[in-house]
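Engineer: fold the following for me, if possible:
(2 chains)
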Amino acid sequence: MKKIDAIIKPFKLEEVKDALSELGIEGMTVSEVKGFGRQKGHTEIYRGSEYTVDFLPKIKLEIVVTDAQVDAAVGAIIKAAKTGKIGDGKVFVSPVETAIRIRTEEKGDSAV
Amino acid sequence: MKKHLLAISLMAITAFSATTLHAQDTNAAAATTNAAAATPPPLPVPTLEQRVTGLEAYIADSDPSASLKDTNGNMICQNLPVMNTAGPGHNAWMMTSTALVLFMTLPGLALFYGGMVRKKNVLSVLAQCFLITGLVTILWYICGFSMAFGPGTGAHGPFWGDLGTYAFFKGVTGAPGGVSTAWVSLDVFSCFQLTFAIITPALIIGSIAERMKFKAILVFMTLWMFVVYFPLAHMVWSGTGWMSGAANASGAAIKAIDFAGGTVVHMSSGWSAIVLCLILGKRVGFGKDNFAPHSLVLTYIGTAMLWVGWYGFNAGSEVGSDGTAGNAFTTTTLATAIASFVWPMWEWLVKGKPSVLGFCSGAVAGLVVITPACGWVNPTGAVWIGIAAGTIPWFMCYKVKAWLGYDDALDTFGVHAIGGTVGAIMTGLLCDASVNSLVPMQTNGVADHAKQVVEQFKAVGVTIVLSVVGTIICTYITKVLVGLRPAEEVEMAGLDESEHGELGYHG
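Structural biologist: Just a heads-up that it's a prediction; the model follows:
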């Protein structure tokens, strides 16, 4: 199984969630984060005082999927989250040792 | 039970009769003594027509005794029943105005400033506003009202009142007259003026926001009220004031006019603020860290409250509900709305985006600049003032502040000092004797603008000197007594937690 971390633009969350849902991936963890890559921040002006805000709000999405689902999941995320403009985000895939469902204590692929 | 009630009633009636009889005895005794001393015959009872004159004076907000005095200033008849009674309409308006001006500080200014500071300092602003409210009220009660509005005799009469006349609110009752008007209770007038005394120091905290110890603010404001505010209020508004062109028309050395406090409130707070902020120095991280306002929503709400409350500040300064108050209401509306429009238009033009902070700042600037002028100019004058208010303070905050590099955190200097000064001068340029016949410098019923502007400049000069010198003194005394700035780690962590043990927001 693999863990997929996706940093996406906040307003794309619903679209990505729906795209993953269509693939049968129902569970995910979402957090509000701040960050930047090559996208520059923006400037705010308050009465002549200018502030450059480097850290932009993003959404971090974390899902764990079986090896068989990885490619489809990554593809769905990218398709739904892409705007074509700078700041779209990144997807990271890393290996997961094991997964356990707390309620039933089942292990492995069936827990994902 | 009934027996007890009957007994108590009988005792009460007996006591009342005894008191009345005693009073009659006393009067009879006094009359006998007076007769023996051969005093003039008693004044006639007022006629019906004279009494109607008194009622008409209530409607016109004028002195009911004016037509009832001989050439020596003595009454030609006994006091009218309406004399020495507050007029319900005028008193009601002044009570309303007082509540409106208090509303300007709590929570208008508190939210206006509170939204503009960083989240970690929001409570410090709220606390400082409330501290000042209580502190100034205590000082006002003890001696402040007396120092500002007491008659002031002798050499110091033009410059400050006294410590005796109204100390501990002695003589401050529901009766009208004296430093109030014929129709407004003295206690209501005192409370009204108190709300001005409260908001003036509260304005100062805008410039030193986020970097002055609570203890230092307590000490500084106490000193400042005595050194700057009470004398200035006396000089500009008292019947014996040195610069009181309207209330002291015959005696004032400087015949300046200031309807609601362009000098007393805005210039004093603004020019004091810049001195205090220069002595204090810049905030840690100024120019590098992000000092963006944490909630322009709060600032917006505060602005709207300031505008509504300011109607009490400006129109209430007539101390009566009459045509002049109505004029002040109108000029305030026009100048503020126009300034709130012009400021963001400049932003749109020069910076590309009109901002919410621009709307708010424009409105407040408009309110500040119209303050001294509101009861002296006509609607056209108000329009010019609105345009100036949306332009000059805007330029001050956008360009001049950056050039000069000082840290006036919330632009108290840019808006209140500069705005108040512009307003004081424009009052001289635009005053209209047909709007308010009390314009000191006039010829044949027409205002002499050139001469009036000269008087305004004089008052502006005195105000600036008093504010600057007074603030330097108060600041250094405070520094010696309790210090001024918190430790650097405290300032960086935010004042709320260390000074007040609280956080403004959780989660």
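
Engineer: skipping adjacent residues, who's closest to the closest residue to chain A within the stretch 51-200 of chain B in space?
Structural biologist: Chain A sits closest to residue B:116 of the stretch 51-200 of chain B, with a gap of 8.0 Å, by Cβ to the nearest Cβ. Bear in mind the C-beta positions are built from the backbone N, C-alpha and C, glycine included. Once flanking residues are discounted, residue B:116 sits nearest to residue B:293: 4.4 Å by Cβ to Cβ, 6 or more residues apart in numbering or on different chains.

Engineer: from chain B, how far off is residue A:72?
Structural biologist: As judged by Cβ to the nearest Cβ, to the nearest Å, residue A:72 and chain B stand 37 Å apart.

Engineer: could you verify that that residue is part of a helix?
Structural biologist: Yes - applying DSSP: H, G, I helix; E, B strand; the rest coil, one finds residue A:72 inside a helix.

Engineer: isn't it right up against residue A:23?
Structural biologist: Yes - contact status for residue A:72 versus residue A:23: in contact at 5.4 Å, counting by Cβ atoms under 8 Å.

Engineer: now that residue B:315 has come up, it's in contact with residue B:328, right?
Structural biologist: Yes - using Cβ under 8 Å, residue B:315 is in contact with residue B:328, at 4.4 Å.

Engineer: let's verify residue B:417: helix, strand, or coil?
Structural biologist: helix.

Engineer: low-confidence stretches in chain A?
Structural biologist: When residues are selected by pLDDT under 70, none of them lie in chain A.

Engineer: of all the residues in it, which one is nearest chain B?
Structural biologist: Closest point on chain A to chain B, by Cβ to the nearest Cβ, is residue A:48, at 4.0 Å.

Engineer: give the contact list for the residue lying closest to that residue once chain neighbours are set aside.
Structural biologist: Once flanking residues are discounted, residue A:48 sits nearest to residue B:398: 4.0 Å by Cβ to Cβ, 6+ apart. Residue B:398 makes contact with A:47-48, B:346, B:350-351, according to Cβ atoms under 8 Å, 6 or more residues apart in numbering or on different chains.

Engineer: from residue B:347, how far off is residue B:398?
Structural biologist: Distance check for residue B:398 against residue B:347: by Cβ to Cβ, to the nearest Å, it reads 8 Å.

Engineer: kindly report the same for residue B:243.
Structural biologist: Taken as Cβ to Cβ, the span from residue B:243 to residue B:347 is 36 Å.

Engineer: which one of the two has more residues nearby?
Structural biologist: For residue B:243 and residue B:347, the more surrounded residue by other Cβ atoms under 10 Å in any protein chain shown is residue B:243, and the numbers stand at 29 against 23.

Engineer: for the residue nearest to residue B:203 when sequence neighbours are not counted, give me its contacts.
Structural biologist: Nearest non-adjacent residue to residue B:203, counting by Cβ to Cβ, 6+ apart: residue B:269, 3.9 Å away. Residue B:269 makes contact with B:200-201, B:203-204, B:412, B:416-417, according to Cβ under 8 Å, 6+ apart.

Engineer: kindly report the same for residue B:85.
Structural biologist: B:175-176.

Engineer: show me how far the lengthiest strand in chain A is from its chain's centre.
Structural biologist: For chain A, the longest strand by residue count, based on DSSP state E, is strand A:56-65. Between the centre of strand A:56-65 and the centre of its chain there are 3 Å (Cα atoms, centre = their mean, to the nearest Å).

Engineer: what sits up against the helix or strand hosting residue B:96?
Structural biologist: Under the criterion of DSSP states H and E, residue B:96 resides in helix B:88-103. For helix B:88-103, contacts defined as Cβ under 8 Å, 6+ apart pick out B:58, B:61, B:133, B:176, B:181, B:183-185, B:188-189, B:191-192, B:194-196, B:198-199, B:305, B:308-313, B:315-316, B:319-321, B:325.

Engineer: just the buried ones among those residues, please.
Structural biologist: B:58, B:61, B:133, B:176, B:181, B:183-185, B:188-189, B:191-192, B:194-196, B:198-199, B:305, B:309-313, B:315-316, B:319-321, B:325 (16 or more other Cβ atoms under 10 Å in any protein chain shown).
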